[in-house]
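Asker: after the sequence you'll find the predicted model.
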Amino acid sequence: MNRRILTAVASFTVILSMLVVATEPTQALNWSTDTRLTNDPGWDVSPSVTQTSDGRVWVSWTSSRTGNNEIFYKTYDGSLWSGETQLTNDTEKRARAVSPSIMQTSDGRVWVFWSTYNNTIDYDIHFKVFDGVSWSADTALVTGITDDLNPSATQTADGRIWVVWSSLRTGDAEIFYKILNGSTWSSDMPLTIDSNSNDADPSIMQANDGKIWVAYSKTARATQKTGDIYYRTTFDGANWSADIQLTSDPYDDLHPTLTQSVNGRIWVAWDSDRDGPGNESIFYKIFDGTSWTADTRLTIAIEPDQSPSITQTADASIWIVWASWRPSAQYDIYYRTGMELHDVTVLGVSYYASHNTTAFRGETIYVEVGVQNNGEAREPIVEVRCYANLSIISSRTMSLASGQYYSLVFEWNTPPKAKPGKYVISADVAPVLGETNIGDNSLIGDAVEIRIIGDIVGTYGGVVQPIPDKRVTIHDFSIPIIHFGDHCNNQPWPHPVWDPVANVKPDSIIDLDDIMIVGAHFGET
């Protein structure tokens, strides 16, 4: 194959590498069984879950075990759960601390926000901060003469802390929010204004694209039934989208919770009594950037499961924590973990060399590698690596949508002094986060022979044969001289002595150019 054809093939292959083929992905989300986290005669409800930078999973919740409603928490180090620690301690007879929201900020501090009621006529929002050694005192964040309930907090990429909650200050339940910028909190700002509905149970997060999401339940005030999940989004906190309805079941869908998984999908979980009033179950659905999945059931129990909280941990596991009335007529905290299907594979490895299966050292060999994402959703970082005899040629990174096939072309510029011989071409794709099936992450292709320019023949048993011997000798130099002027298309071996690679300059004739090229490499090994 001459250089012009090789260049055309390489160009065409580059074009092919820009084409993608979408196939139907395999769906396989594997959930653990329900695991009981607390077991106390008091009620344990309204959990909140997060993972901190040291890898620990934190769960906080409301417990009535002290006679008041107080906030408790415990942590998981990857193998063992800690004991249960009481975070709030208010001895007033009617004191209540409910509905915690736990998060960690970029400086490593852990924050817990909650609603508190202290012998007053309303609930207010308070918070505490853990600096790694001790907790701060309770700090009032939102106060007033009407109830402010169910806070949810997150830190955005610009370092600001956002808190959303439900407030009755307008006469009905509406969503409000405020922002901590440095050391200063903003004023309370309304997110929803709808006198025909009660908007409650908010959850907030920031997606990878910078967009802020707030999900909440909306219940018609006229009937106080048929609660559904809605959400709004914004980039700047000032220009919010309109209400977007997410669920539309005839029964109540309440207490939504939000997270985004490593592959960019938005998850919303909530509780629903669509099995009948008083028999709530946990459901979820997922947004892939284009469309939402159908409502998917997580729990199946005859007792109610309520108030989920969701997060994804560093190992790509999805955690959903909730309160359940089972099995002994008391609410306790339960959880499940699930793993999305992450599976990338190498489907093909092929190359283009100057003489099909051979190339002269110093030339460029084009290697085409086909990879596919067989997982459930987009993988944002897929690293593909190409090798020759286990030595890496190059690596490339890309993102792959679920079911997407992609063809890449690697250029292997063989070294001018590369050792002559066979080179096995192979490729692999680095396991993506959460991937367990890595048996198809690598593939070995065919071998290409690297030859020395001018190495035309070799002496075997005292006889010159048209088989290169990895050195350029007088025999190689003699062949183009003896057959000067011969055309390759009618010259078989052994009479006259001929091998297609003797036409070193691929122009179908042995001439002075071939003699000079062989002479220039005389003595090389």
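Answerer: Alright, I've got the coordinates.

Asker: got the domain boundaries for the chain?
Answerer: 3-23+343-451, 30-339, 458-520 (automatic domain parsing).

Asker: any chance of the ones you listed in TSV, plus mean neighbour count and mean pLDDT?
Answerer: Quick note: C-beta positions are derived from backbone N, CA and C, even for glycine. As requested, the domains of the chain are arranged in TSV below (neighbours: other C-beta atoms under 10 Å; pLDDT from 0 to 100):
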stretch	mean neighbour count	mean pLDDT
domain 3-23+343-451	17	83
domain 30-339	18	93
domain 458-520	15	70
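
Asker: what distance separates stretch 431-446 from the centre of its chain?
Answerer: 16 Å (C-alpha atoms, centre = their mean, to the nearest Å).

Asker: just stretch 342-361 next, same as before
Answerer: Its chain's C-alpha centre and that of stretch 342-361 lie 28 Å apart, by C-alpha atoms, centre = their mean.

Asker: what's the answer for stretch 352-367, then?
Answerer: Mean-position distance between stretch 352-367 and its chain equals 37 Å (C-alpha atoms, centre = their mean).

Asker: please renumber so the chain begins at 30
Answerer: OK, 30 is where the count begins now, so the last one is stretch 381-396.

Asker: start to end distance for that stretch?
Answerer: Taking C-alpha to C-alpha, to the nearest Å, stretch 381-396 runs 6 Å from one end to the other.

Asker: ditto for stretch 473-490
Answerer: With C-alpha to C-alpha as the measure, the first residue of stretch 473-490 is 35 Å from its last.

Asker: do stretch 336-349 as well
Answerer: Across its full length, stretch 336-349 reaches 10 Å end to end, with C-alpha to C-alpha as the criterion.

Asker: show me the helices in the stretch 280-429 of the chain, by range?
Answerer: Taking DSSP state H, counting those that start in this stretch, the stretch 280-429 of the chain contains no helices at all.

Asker: oh sorry, the question was meant for the chain
Answerer: Under the criterion DSSP state H, the chain carries helices at the ranges 32-46, 503-511, 541-549.

Asker: now the angle from the last one to helix 503-511?
Answerer: Right, helix 541-549. Between helix 541-549 and helix 503-511, the angle formed by their directions is 170 degrees, by axes from the mean of the first three to the mean of the last three C-alpha atoms, to 10 degrees.

Asker: can you show me the CA trace of helix 541-549 as PDB?
Answerer: Coordinates of each C-alpha in helix 541-549 appear next as PDB, following Å, rounded to 0.1, in the frame of the first residue of the first chain:
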ATOM      1  CA  LEU A 541      18.200   4.200  -8.700                       C
ATOM      2  CA  ASP A 542      15.900   5.400  -5.900                       C
ATOM      3  CA  ASP A 543      15.700   1.900  -4.500                       C
ATOM      4  CA  ILE A 544      19.500   1.400  -4.700                       C
ATOM      5  CA  MET A 545      20.100   4.700  -2.900                       C
ATOM      6  CA  ILE A 546      17.600   3.900  -0.200                       C
ATOM      7  CA  VAL A 547      19.100   0.500   0.500                       C
ATOM      8  CA  GLY A 548      22.600   2.000   0.400                       C
ATOM      9  CA  ALA A 549      21.600   4.700   2.900                       C
END
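
Asker: for that helix, packing partners?
Answerer: When contacts are defined as 3 or more C-beta pairs under 8 Å, 6 or more residues apart in numbering; DSSP states H and E, helix 541-549 sits against helix 503-511.

Asker: now do the helix it packs on: which elements does it pack against?
Answerer: Helix 503-511 makes packing contacts with helix 541-549 when contacts are defined by 3+ C-beta pairs under 8 Å, 6+ apart.

Asker: hang on, P219 packs against D201?
Answerer: No. Under the criterion of C-beta atoms under 8 Å, P219 is not in contact with D201, lying 11.8 Å apart.

Asker: any residues in contact with both of those two?
Answerer: With contacts taken as C-beta atoms under 8 Å, 6 or more residues apart in numbering, not a single residue reaches both P219 and D201.

Asker: wait, isn't E408 in contact with G463?
Answerer: No. With contact taken as C-beta under 8 Å, E408 and G463 are classed as non-touching, separated by 9.5 Å.

Asker: overlap of the contact sets of the two?
Answerer: Common contacts of E408 and G463, defined by C-beta under 8 Å, 6+ apart, comprise H371.

Asker: so the residue nearest to Y381 when sequence neighbours are not counted bridges to which residues?
Answerer: Counting by C-beta to C-beta, 6 or more residues apart in numbering, Y381 lies nearest to Y395, which is 4.4 Å off, once chain neighbours are set aside. The partner list for Y395 in beta bridges (DSSP bridges) reads Y381, E440.

Asker: how close does Y395 sit to F389?
Answerer: Per C-beta to C-beta, to the nearest Å, Y395 is found 15 Å from F389.

Asker: didn't R303 look like it was pressed against S277?
Answerer: No. If you go by C-beta under 8 Å, R303 and S277 don't touch, sitting 11.0 Å apart.

Asker: any idea how far R85 is from the residue nearest to V158 when sequence neighbours are not counted?
Answerer: Once flanking residues are discounted, V158 sits nearest to S165: 4.5 Å by C-beta to C-beta, 6+ apart. With the distance defined as C-beta to C-beta, S165 ends up 19 Å from R85.

Asker: isn't T79 right next to Q341, touching?
Answerer: No. The pair T79 and Q341 does not pass the contact test of C-beta under 8 Å, sitting 10.3 Å apart.
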